[in-house]
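prediction below, plus the sequence it came from.
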Amino acid sequence: MNGEKEVSVDVLKLSLAFQFSLLSAIGLESIGIHIPLFRELVATIYLTIIPGLLTLGLLKKKLDLTKTVLFSIGMSFAIVTFVSAFINVFLASFGFERPLSERILFISLSIVILLLLIICYLKGERYLSFSYNPSFSPATLLLALFSFISIIASYESSFYGRDFLVLLFLGMIALIPFVISSGKFPERLYPPLILSISISLAFLRYGRFLFKPTSFGENGLAGVIKLAGIWIPNFASTHNSLLYPTLLPSVFSTLLGIDTLCGIAVIGFLISIFLPLIIYEIYTTLFDRKVAALASFLFLFYPFYHYLLGSRDGFAIFFLALFFLTLFSEEMTPATRNILLIVFAFSIIVSHYGNAYFFMLLLFVAAAVAFISREKTDLSIPAFCFLYFALTLTWYIYTSSSVNVKWAIGYGKNVYDHLSEFLTAESSAALKAMATTWSFAQEVTKYLIIANSLFIALGIIELMYLAIRNGKHLDEYSIFAIAFSLGLIILILPRIMGAPRVYLTLLVILSPFSFLGFSLLLRSFYRILARKGSYLLKEEQKRATILFSVFLSLLLIFGSGFVSTVVSKVNGETFDPRDPARWFPSLNEYDIAATEWFLHCNGGGKKMYLDSILSGEMVIREGEIDSGYPNFPLEYGGVRVYEMEPFTALPIKDYLDGKKIEDAYIYLGYHNTVYDFMGVVNEAGERIPLKTSDYMHSFEKNSRIYDNTRTLIYYIS
């Protein structure tokens with residue numbers, strides 16, 4: 001490209017520089033000298049870039065700058081995780097009690113890095129080359145400044161509750177699709193634009209998670225492994241098989257010298273900002289760059305994007321995207337492609353068992369589509385299906401006492417047994433969400449997601465129609481697009497869990513078809529009004545991108561909480577117990593402190609009355625509490641990790657109905673006291689909102705044993 005220059009990076013020198021820098025940082029801290037952020041920054045680059053760069057050099061792959069960074073991050077995560085797991089199992093077999101200690105991890109990874117260096121020097125490519133445009137661009141500086149100010153705005157909101165800048169920048173980001181559709185923004189700057197907006201949105205929408213992480217949530221096992229200093233492969237827990245959300249945060253936080261919660265936040269941030277860029281690169285293999293950019297923003301603006309932050313879903317979808325980027329990249333030789341496909345496919349398996357089984361199903365559907373269409377593809381989809389099937393079963397049988405295999409069988413049986421409830425809102429979370437009347441902003445968001453699904457369906461129908469009418473061959477992307485579109489049916493099956501993550505997984509491939517379906521609708525509208533041809537003229541194509549940008553902007557401002565926040569600030573903060581969103585537990589420091597106090601102080605086997613909102617899920621720093629029992633083990637590998645005792649949750653409705661028992665407790669959480677609201681469910685399954693104040697006289701007859709001004713605990717003697 002005119003004006004671009006070729007740049008070569010000496011991978012060996014760069015790797016050695018970070019190797020010795022990390023050694024220096026750890027050495028300085030061992031003698032009490034801490035340089036703020038030095039170790040954290042060096043270790044982050046060392047763990048997320050260097051192993052992958054050396055692997056690319058070993059494979060002798062020359063990619064552009066964007067793909068070099070993306071593949072380096074993916075391969076680095078894989079190498080660090082798999083090496084740590086191997087070292088853990090190997091040393092544990094020789095009696096090492098803490099094979100995941102800082103010293104052992106650093107030495108082990110250093111040896112692997114040095115081996116890669118030597119092999120790369122002898123057999124690989126020492127220099128990685130890529131092109132870039134050295135000319136100064138004000139737009140690049142503006143993007144960097146935009147991200148920086150967004151971080152400041154998020155900090156102000158997280159610590160001081162000042163939301164004005166957050167709302168302002170969310171409103172500005174909502175206009176970005178119009179910048180793209182105008183055609184005046186240089187296409188070569190789409191990758192830095194997407195990265196900048198991803199960084200900004202990560203902080204603007206999830207700043208509290210990044211600045212003030214308060215709980216491991218579903219990743220409770222990561223904290224357990226960090227404290228125990230060992231990963232026990234056969235420990236009977238579904239999450240124990242998942243190396244990325246459990247083992248990797250432990251390794252990361254150990255070598256960065258930070259708290260495990262912060263390690264989860266760092267990894268979640270990296271995944272959330274680079275995933276849209278991977279998505280964009282996938283889309284450019286089949287669609288023009290403008291459509292690819294708009295489709296990547298559709299993925300980024302998805303209201304449930306927070307599912308990616310340091311969670312099992314985040315890792316699984318991240319490696320799913322890298323899988324398809326590898327599959328569709330023309331720069332890959334067959335040998336290199338196969339190696340990376342196997343690595344990323346196995347990474348999906350050790351990220352999330354639900355996503356792993358779902359991807360297996362989609363692979364078999366894709367194989368059926370390829371067979372029916374009689375298409376030959378670069379990837380032998382049927383053969384890869386059986387390889388993936390073998391890898392999945394082998395790993396889940398070998399680890400966690402096979403509980404993930406038992407889970408899959410039980411889950412599948414549960415869905416099958418309730419097929420008679422097909423299309424009933426009571427048995428399908430997605431249909432129930434569609435049938436529920438939410439607040440104004442959430443209602444609009446719901447219909448925008450429904451509209452997006454219809455656009456995707458139309459886009460896929462057009463793809464299939466054109467293929468049949470014109471005798472057009474289906475390429476690999478089209479085959480997987482049809483398979484993924486059929487995956488939408490999963491959402492309406494009975495007893496299906498995790499509808500938001502299923503939808504997000506499908507968007508990895510299907511997002512561009514939303515624009516295609518939208519364009520088809522517009523085309524049909526023009527044809528009816530003006531009797532034009534079936535294809536959009538150039539002006540009509542531009543109009544389609546502008547109108548689709550309106551759709552994207554609405555999705556962001558309604559789905560991000562922008563509208564609901566503005567409305568609440570204008571009309572005053574109100575609490576409506578009839579709002580279905582109020583029937584979900586809210587993460588707050590008062591409930592966390594109270595729950596942790598009780599778990600540490602109760603003698604075990606106690607019973608506690610809770611309203612229906614808290615009885616299903618309570619949160620503490622170490623993880624989640626379901627009906628009084630933690631989602632993480634208190635003992636791991638024969639070692640007592642946490643000195644706390646579970647309890648039995650009782651419905652507070654029983655207490656209010658006079659069915660109280662002695663030697664039990666009453667828990668009034670933040671929403672009970674601050675919003676004067678208790679949620680109970682009657683025998684018919686109906687939600688009944690009650691006022692806490694109406695029953696305080698009864699609660700106060702008991703001994704108040706805990707009070708942090710928001711959360712109260714009473715003892716019934």
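Received, thanks.

mind listing the helices for the stretch 151-300 of the chain?
For the stretch 151-300 of the chain, the helices defined by DSSP state H, counting those that start in this stretch occupy 164-173, 176-181, 190-211, 220-228, 243-256, 260-283, 289-300.

no, scratch that, I was asking about the stretch 451-600 of the chain
According to DSSP H, counting those that start in this stretch, the helices that the stretch 451-600 of the chain contains are 476-486, 499-530, 538-559, 562-571, 589-601.

residue 209: which of those helices is closest?
helix 589-601 (13.8 Å; Cβ to Cβ). C-beta here means a position set from N, CA and C on the backbone, and glycine is covered the same way.

any idea how this protein splits into domains?
Domain ranges of the chain: 5-132, 580-716, per automatic domain parsing.

need these in TSV with mean pLDDT, mean neighbour count and distance to residue 523, can you?
Shown next, in TSV, are the domains of the chain (pLDDT from 0 to 100; neighbours: other Cβ atoms under 10 Å; distance: least, Cβ to Cβ, whole Å):
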stretch	mean pLDDT	mean neighbour count	distance to residue 523
domain 5-132	89	17	32
domain 580-716	89	17	37
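
quick one: closest of these to residue 154.
Among those, domain 580-716 sits nearest to residue 154 (Cβ to Cβ), with 16.8 Å.

first-to-last residue distance for that closest one?
31 Å (Cα to Cα, to the nearest Å).

so who does residue 181 touch?
By Cβ atoms under 8 Å, 6 or more residues apart in numbering, the contact set of residue 181 is 290, 294, 542, 545, 546, 548, 549.

I meant residue 44, not that one.
Contacts of residue 44 by Cβ under 8 Å, 6+ apart are 256, 266.

report the separation between it and residue 203.
Counting by Cβ to Cβ, to the nearest Å, the gap from residue 44 to residue 203 is 17 Å.

the helices of the stretch 451-600 of the chain: which one's closest to residue 433?
Nearest of the helices of the stretch 451-600 of the chain (Cβ to Cβ): helix 499-530, 7.2 Å.

so which of the contacts of residue 181 is the most crowded?
Within the contacts of residue 181, neighbour counts (other Cβ atoms under 10 Å) peak at residue 294, which reaches 26 neighbours.

let me know whether it touches residue 177 as I believe.
Yes - counting by Cβ atoms under 8 Å, residue 294 sits close enough to residue 177 to count as a contact (6.0 Å).

give the residues shared as contacts by the two.
Shared contacts of residue 294 and residue 177, counting by Cβ under 8 Å, 6+ apart, come down to 548, 549, 552.

next up, the contacts around the nearest residue to the last one once chain neighbours are set aside.
Nearest in space to residue 552, with sequence neighbours left out and distances taken as Cβ to Cβ, 6 or more residues apart in numbering, is residue 177 at 4.4 Å. The contact partners of residue 177, by Cβ under 8 Å, 6+ apart, come to 294, 297, 548, 549, 552, 553.

from residue 491, how far out is the most centrally placed residue in the chain?
The chain has residue 308 as the residue nearest its centroid, 1.2 Å off, counting by Cα atoms, centre = their mean. To residue 491, residue 308 is 19 Å away according to Cβ to Cβ.

just residue 516 next, same as before
21 Å.

likewise residue 139?
Applying Cβ to Cβ, the value for residue 139 to residue 491 is 39 Å.

likewise residue 128?
42 Å.

just residue 49 next, same as before
37 Å.

same thing with residue 154?
Computed as Cβ to Cβ, the residue 154 to residue 491 distance reads 32 Å.

more neighbours: which of those two?
The residue with more neighbours, out of residue 154 and residue 491, is residue 154; 25 against 20, by other Cβ under 10 Å.

surely that one meets residue 166?
Yes - Residue 154 lies in contact with residue 166 (Cβ under 8 Å); the separation is 6.4 Å.

anything in contact with each of the two?
Both residue 154 and residue 166 are contacted by 204, 207, under the criterion Cβ under 8 Å, 6+ apart.

quick one: contacts for the closest residue in space to residue 328 that isn't next to it in sequence?
Among residues not flanking residue 328 along the chain, residue 285 sits closest, at 4.1 Å (Cβ to Cβ, 6+ apart). If a contact means Cβ under 8 Å, 6+ apart, then residue 285 has 328, 329, 330, 477 as its contacts.

pull the CA atoms of the helix or strand containing residue 433 into PDB?
Using DSSP states H and E, residue 433 falls within helix 429-435. Extracted as PDB, the C-alpha positions of helix 429-435 are listed here (Å, rounded to 0.1, in the frame of the first residue of the first chain):
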ATOM      1  CA  ALA A 429     -35.800 -18.600  29.700                       C
ATOM      2  CA  ALA A 430     -35.600 -16.800  26.300                       C
ATOM      3  CA  LEU A 431     -39.400 -17.100  25.700                       C
ATOM      4  CA  LYS A 432     -40.100 -16.000  29.300                       C
ATOM      5  CA  ALA A 433     -37.900 -12.900  28.800                       C
ATOM      6  CA  MET A 434     -39.800 -12.100  25.600                       C
ATOM      7  CA  ALA A 435     -43.200 -12.500  27.400                       C
END
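
could you give the mean pLDDT of it?
Averaging pLDDT along helix 429-435 yields 79.

quick one: buried residues of it?
Across helix 429-435, burial judged by 16 or more other Cβ atoms under 10 Å covers 429, 430, 431, 433.

what of stretch 224-239?
Residues of stretch 224-239 classed as buried by neighbour count (16+ other Cβ under 10 Å): 224, 225, 226, 228, 229, 230, 231, 232, 235, 237, 238, 239.

distance-wise, check the residue nearest to the fifth one when sequence neighbours are not counted relative to residue 675.
Distances taken as Cβ to Cβ, 6+ apart place residue 98 nearest to residue 229, at 3.1 Å, with adjacent residues excluded. Between residue 98 and residue 675 the distance is 45 Å, computed by Cβ to Cβ.

packing partners of the helix or strand harbouring residue 372?
Residue 372 is part of helix 353-373 when elements are defined by DSSP H and E. Using 3 or more Cβ pairs under 8 Å, 6 or more residues apart in numbering; DSSP states H and E, the elements in contact with helix 353-373 are helix 312-328, helix 334-349, helix 381-398, helix 403-417, helix 476-486, helix 499-530.

cool, thanks, talk later.
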